[in-house]
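Enquirer: sequence and predicted structure below; questions after.
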Amino acid sequence: TPNQERLLEVASLAKAFGGNRVLQDVNFSIGAGEIVGLLGPNGSGKSTLLNTITGFEAIDNGAVRYRGQEIGRLGAHRIVERGIARTFQLPSMPSMMSVMEVAMAAATTRHGLWETLCNGAGVRGAEAAARDKATRLLHELLLTHVRDLPASALSGGQKKLLGIVCALMGDPQMVMLDEPTAGVHPNLRNDIVQALKRLNRQGMTLVIVEHDMHFIREVCTRCIVLDRGHIVASCHPDELSSNERVLQAYLGG
Ligand code: ADP
Ligand code: MG
């Protein structure tokens, strides 16, 4: 993607758990405004790649640059502040907070508590802004009717939707989504597709771990394929089925 701003650059990234070398010499970049699918068989390292880029796992080797700045050794909170948000493959939600409260709490990740407390006049303003934003995002991701339920009472699919809401509360430039439609009711799936396309049209860069090929073809303009910790392909979704290394990855060749 030579004529797009290189938003994210991953160079020689490596990660092992004990003797299990999960990611090895991973290199790729993501252009601003792209919507990229991250594919690969189970256990190929997709979630680990998201975890290392977003600071949830320390990297062993290599570099991660975001807007030209090294972020590979920053913690998760610092990376969210830079503008990269993520969702989880299996979101766990608290039982003591409502859906609305969880969404509003996500806004504070980019504005520290002390910053808010030390600026008395700003508290109500910030709270009202968070409430407005949470209300709008819960509507866009079809959760308005459950906003007062405990977040833990949501279905698996609804928790994924709430995870997307939380990621968006901090106004990120890039969101990395870990299997956003796995386990989601088919009726909701199309709504997620439309929501992600809409976000991308508004300029948001998206990296999406996904197995569903219909989803990939509908949403992504490029795919990156992982196989046993190596990137084996970067191509248009239509070219996946004729790519030898992709077929090998899935057939265990
Ligand atoms: P994928 O998301 O592609 O299915 P993962 O990144 O979840 O793959 O896992 C890749 C490999 O890394 C697997 O062998 C898994 O057991 C291992 N792994 C992932 N996370 C951890 C962890 N926190 N500790 C130890 N091993 C892990
Ligand atoms: Mg995974």
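Expert: In hand now; what should we look at? Ligands and ions are numbered 1, 2, ... in the order given.
Enquirer: report the longest helix in this structure, please.
Expert: helix 120-140 (DSSP state H).
Enquirer: same question for the helix or strand just after that helix, mean pLDDT?
Expert: Counting by DSSP states H and E, the element after helix 120-140 in chain order, helix or strand, is helix 156-169. Across helix 156-169, the average pLDDT comes to 92.
Enquirer: show me what helix 156-169 is packed against.
Expert: strand 84-86, helix 99-107, helix 120-140, strand 174-178, helix 186-201 (3 or more C-beta pairs under 8 Å, 6 or more residues apart in numbering; DSSP states H and E). Quick note: C-beta positions are derived from backbone N, CA and C, even for glycine.
Enquirer: could you rerun that using 7 Å?
Expert: On a contact count with 3 or more C-beta pairs under 7 Å, 6 or more residues apart in numbering; DSSP states H and E, helix 156-169 meets helix 99-107, helix 120-140.
Enquirer: that older thread, can you pull the buried residues of the longest helix of the chain?
Expert: Residues of helix 120-140 classed as buried: 126, 130, 133-134, 137-138, 140 (neighbour count, 16 or more other C-beta atoms under 10 Å).
Enquirer: wait, which of the helices and strands packed on helix 156-169 is closest to ligand 1?
Expert: Of all these, helix 99-107 sits nearest to ligand 1, with 23.3 Å by C-beta to the nearest ligand atom.
Enquirer: ok, residues contacting that closest one?
Expert: Here helix 99-107 makes contact (C-beta atoms under 7 Å, 6 or more residues apart in numbering) with 93-94, 97, 130-131, 133-134, 137-138, 143, 146-149, 151, 154, 162, 165-166, 169-170.
Enquirer: up against ligand 2, what does the protein have?
Expert: For the chain, the contact set with ligand 2 under C-beta under 5 Å from the ion comprises 46-47, 89.
Enquirer: show me just the buried residues among the residues you listed.
Expert: 46-47, 89.
Enquirer: which of those fall in helices?
Expert: 46-47.
Enquirer: and the buried ones among the residues of the chain next to ligand 2, which is closest to ligand 2?
Expert: Ser47 (3.2 Å; C-beta to the ion).
Enquirer: how many other residues sit next to Leu50?
Expert: Other residues within reach of Leu50, judged by other C-beta atoms under 10 Å, total 21.
Enquirer: give me the pLDDT for it.
Expert: pLDDT, Leu50: 97.
Enquirer: do Leu188 as well
Expert: On the pLDDT scale, Leu188 gets 84.
Enquirer: for it, the count of nearby residues, please.
Expert: 18.
Enquirer: which ones are touching the closest residue to it other than its chain neighbours?
Expert: Using C-beta to C-beta, 6 or more residues apart in numbering and skipping the chain neighbours, the partner closest in space to Leu188 is Gly157 (5.3 Å). Shown in contact with Gly157 (C-beta under 7 Å, 6+ apart): 183-185, 188.
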